[in-house]
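S.K.: Here is my input; please provide its structure:
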Amino acid sequence: MNTGWLAFGVSASVLLSACKDDGGVIQNPGNSNNPEDEICNTTTKDILGPYYREGAPQRNSMRINGATGHNLKIEGIVKDAGCNSIENAKVEVWHASHEGEYDNDSSDFRYRAQVFTPVNGSYYFDTILPGKYLNGADYRPSHIHFRVTADGYKELVSQVYFENDSHIPSDPWASDPSAKLRILKMKQEKELITVNFDIILEKQ
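M.R.: Numbering: from 1, shown residues only. Predicted coordinates:
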């Protein structure tokens, strides 16, 4: 088992407790409750990484029976810079297992999925909080990869991270100022962690 995840797992309850009283999710661009106050700045990019695989199944749930890990739901809306929802955007996600390992060759495409947005631009995935793995001398913080495409818009490759992760400051990508709005607050209800991530695409 990856020792980086063990360190994160031990502190997970502390991390969640720190976020629990914040009243909800991070206010990403486009997440305002008042449409008149809504500002939709283009979501910033991040690296693709070496573990992307084409052909992930179209599904919302990536949970695996019997697998360990904190249950996580990530949801949001795909929009344009005018805060209008985008229909039929393809949202692909992939991430490491609880032990910090990627499924690079199995036909199961574990912790990999894609969905197409309906008319309201919404998407969601049910999964687990990803584990950590060594990247050189340090661990990458827990993260989820995104690749989002839609007709008439520029492709977006990005990642999301989770607030209070101790490995964010040492990670060159998560600590970059451009990632600030992609470090998400977590809200826990019973056994489920939820995070919100609205995705704002740039027109071609």
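S.K.: rest of the way, CA atoms for contacts and neighbours
M.R.: OK.
S.K.: Next, work out how far apart Glu92 and Lys190 are.
M.R.: Using CA to CA, to the nearest Å, Glu92 is found at 27 Å from Lys190.
S.K.: which other residues reach the top strand by length along the chain?
M.R.: Ranked by residue count under DSSP state E, the longest strand found in the chain is strand 71-80. For strand 71-80, contacts defined as CA atoms under 8 Å, 6 or more residues apart in numbering pick out 30, 40, 42, 85-86, 89, 117, 120-129, 191-203.
S.K.: For PyMOL, write the selection for the buried entries among those residues.
M.R.: Buried members of the contacts of strand 71-80, defined by 16 or more other CA atoms under 10 Å, are picked up in PyMOL with:
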select buried, resi 30+40+42+85+86+89+117+121+122+123+124+125+126+127+128+129+193+194+195+196+197+198+199+200+201+202
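S.K.: State whether Gln114 is indeed within a strand.
M.R.: Yes: assigned with DSSP: H, G, I helix; E, B strand; the rest coil, Gln114 falls within a strand.
S.K.: what bridges to Lys73?
M.R.: With DSSP bridges as the criterion, Lys73 is bridged to Asp126, Thr194.
S.K.: And the pLDDT at it?
M.R.: Here the pLDDT value assigned to Lys73 is 98.
S.K.: Just the buried residues of stretch 138-155, please?
M.R.: By 16+ other CA under 10 Å, the buried positions in stretch 138-155 come out as 139-150, 155.
S.K.: which residues sit against it?
M.R.: 4, 48, 86, 88-96, 129-134, 156-162, 165-168, 170-171, 174, 201-204.
S.K.: same thing with stretch 41-53?
M.R.: With contact meaning CA under 8 Å, 6+ apart, stretch 41-53 is reached by 29-30, 80-81, 94, 102, 104, 145, 156-159, 173, 178-179, 199-202.
S.K.: still on that earlier bit, the more surrounded of Glu92 and Lys190?
M.R.: Neighbour count, other CA atoms under 10 Å: between Glu92 and Lys190, Glu92 has more, with 23 against 6.
S.K.: ok so, going back, what's the spacing between the longest strand of the chain and its chain's center?
M.R.: For strand 71-80, the distance from its own C-alpha centre to the chain's C-alpha centre is 8 Å (CA atoms, centre = their mean, to the nearest Å).
S.K.: Tell me the first helix or strand C-terminal of it.
M.R.: Where DSSP states H and E defines the elements, the next helix or strand beyond strand 71-80 is strand 90-94.
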